[in-house]
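Asker: sequence and predicted structure are below.
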Amino acid sequence: MSGEATSAVAPSASAGAPSAHLRLDGVVSGYGQIKAIKGISLHVETGEVVALIGANGAGKSTTLRTISGLLRPSAGEISFEGKRIDRVAAHDIVRMGISHAPEGRAIFGRLSVLENLRLGAYQRNARAEIEQDLERVLTLFPRLRERVKQDGGTLSGGEQQMLAIARALMARPRLLLLDEPSMGLSPVLVETIFRTVIEINRAGTTILLVEQNAAMALQVARRGYVLESGAVALEASAAELRASDLVRKTYLGEA
Ligand SMILES: Nc1ncnc2c1ncn2[C@@H]1O[C@H](COP(=O)(O)OP(=O)(O)OP(=O)(O)O)[C@@H](O)[C@H]1O
Ligand SMILES: [Mg+2]
């Protein structure tokens, strides 16, 4: 099949460098015959926040789903901490240290906040550690602490978003994949979510952040990639992306 990456542009830092925390090389993935991503190469280094921005349908969520093993790439390679993961089952990828807070919240509406959070740790055995992490995420999101007994489905949209992120953290990931954490939130809550993303990163978790809110994402991230029609259109530092014409006109809504 065709559809291989034709781009010869390789990030210069990669040549001969130690293996990145996360690396995608020419990844092709999609749904049946539909190739939603067409040869994506990107890397995330330990400790970074990297933004993935792009319009509706650009392939951002597909990229995250492919990394987390929900979709299997038809070509290309994905490695995490030096190990190939593109043939590893999703639950094993979680065990290896990657956790995904998917788009659209995807929490369990009939389970309580506490039960949702505990489910995030379902692959872990160390009870004491799980209790510590529970305490940590409830400190990170005080709104959730006030509502631990409430059913997930009765939370407000913003609270559900917090729950989705908190649940992903309960797996104690070294790499957190966040899909549009600010979607549908009020400006105040967007601020809260982004401040929390920074806190999570400072506490040692590497983050790949998908956002349509490019302005926010590029404040939080160190570097970023712009996806267009399933391919990387631009890769640069956050500062360079903020200054680029493409990003300013298309994603920051500037004239
Ligand atoms: N389950 C699916 N079945 C078939 N096609 C899909 C499916 N999910 C996504 N697609 C298609 O794959 C392409 C990429 O979608 P994706 O969800 O990755 O985009 P996105 O960048 O996350 O967009 P958005 O900003 O709207 O969330 C789109 O053309 C979309 O229609
Ligand atoms: Mg999406």
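Answerer: Perfect, I can see it now. Ligands and ions are numbered 1, 2, ... in the order given.
Asker: correct me, but Ala58 touches Tyr225?
Answerer: No. Contact between Ala58 and Tyr225 fails when scored by CB atoms under 8 Å: they sit 10.3 Å apart. Quick note: C-beta positions are derived from backbone N, CA and C, even for glycine.
Asker: which of the two has more neighbours?
Answerer: Tyr225 (25 against 22; other CB atoms under 10 Å).
Asker: show me what the closest residue to Ile98 other than its chain neighbours bridges to in the sheet.
Answerer: Distances taken as CB to CB, 6 or more residues apart in numbering put Leu175 closest to Ile98, at 4.7 Å, once the chain neighbours are dropped. Bridge pairing for Leu175 (DSSP bridges) gives the partners Ile98, Thr206.
Asker: burial of Leu175, as a residue count?
Answerer: Leu175, neighbours per other CB under 10 Å, totals 23.
Asker: try Glu146
Answerer: With other CB under 10 Å as criterion, Glu146 counts 12.
Asker: ok, it to Leu155 distance?
Answerer: 11 Å (CB to CB, to the nearest Å).
Asker: and Met170, by the same measure?
Answerer: 16 Å.
Asker: all strands for the stretch 1-150 of the chain, in order.
Answerer: 22-31, 34-44, 49-54, 75-80, 83-84, 98-101 (DSSP state E, counting those that start in this stretch).
Asker: would you reformat the ones you listed as a markdown table and include mean pLDDT?
Answerer: Formatted as a markdown table, those follow (pLDDT from 0 to 100):
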| stretch | mean pLDDT |
| --- | --- |
| strand 22-31 | 97 |
| strand 34-44 | 97 |
| strand 49-54 | 96 |
| strand 75-80 | 97 |
| strand 83-84 | 96 |
| strand 98-101 | 94 |
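Asker: the ones you listed: which one's closest to ligand 2?
Answerer: strand 49-54 (8.9 Å; CB to the ion).
Asker: for the helix or strand where Ala239 lies, name the packing helices and strands.
Answerer: For Ala239, the element it lies in under DSSP states H and E is helix 238-243. The contact analysis (3 or more CB pairs under 8 Å, 6 or more residues apart in numbering; DSSP states H and E) places helix 238-243 against strand 49-54, helix 214-220, strand 223-228.
Asker: what separates that helix from the chain centre, distance-wise?
Answerer: In terms of CA atoms, centre = their mean, to the nearest Å, the centre of helix 238-243 is set 20 Å apart from its chain centre.
Asker: what pLDDT, on average, does it get?
Answerer: Helix 238-243 carries an average pLDDT of 94.
Asker: the residue in the chain that ligand 2 sits nearest to - nearest residue in space that isn't next to it in sequence?
Answerer: Nearest residue of the chain to ligand 2: Ser61, at 3.1 Å (CB to the ion). The shortest distance from Ser61 to any non-neighbouring residue, by CB to CB, 6+ apart, is to Glu103 (5.1 Å).
Asker: hang on, the earlier thing: make TSV out of the strands of the stretch 1-150 of the chain and add mean neighbour count and distance to ligand 2.
Answerer: TSV is the format used below for these (neighbours: other CB atoms under 10 Å; distance: least, CB to the ion, whole Å):
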stretch	mean neighbour count	distance to ligand 2
strand 22-31	21	13
strand 34-44	21	10
strand 49-54	25	9
strand 75-80	19	18
strand 83-84	10	25
strand 98-101	25	12
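Asker: what sits against the nearest residue to Ser237 once chain neighbours are set aside?
Answerer: Nearest residue to Ser237, sequence neighbours excluded (CB to CB, 6+ apart): Arg223, at 5.4 Å. By CB atoms under 8 Å, 6 or more residues apart in numbering, Arg223 lies in contact with 48, 50-51, 235-238.
Asker: who wins for most neighbours among those?
Answerer: Ala51 leads the contacts of Arg223 on contacts (other CB under 10 Å) with 25 neighbours.
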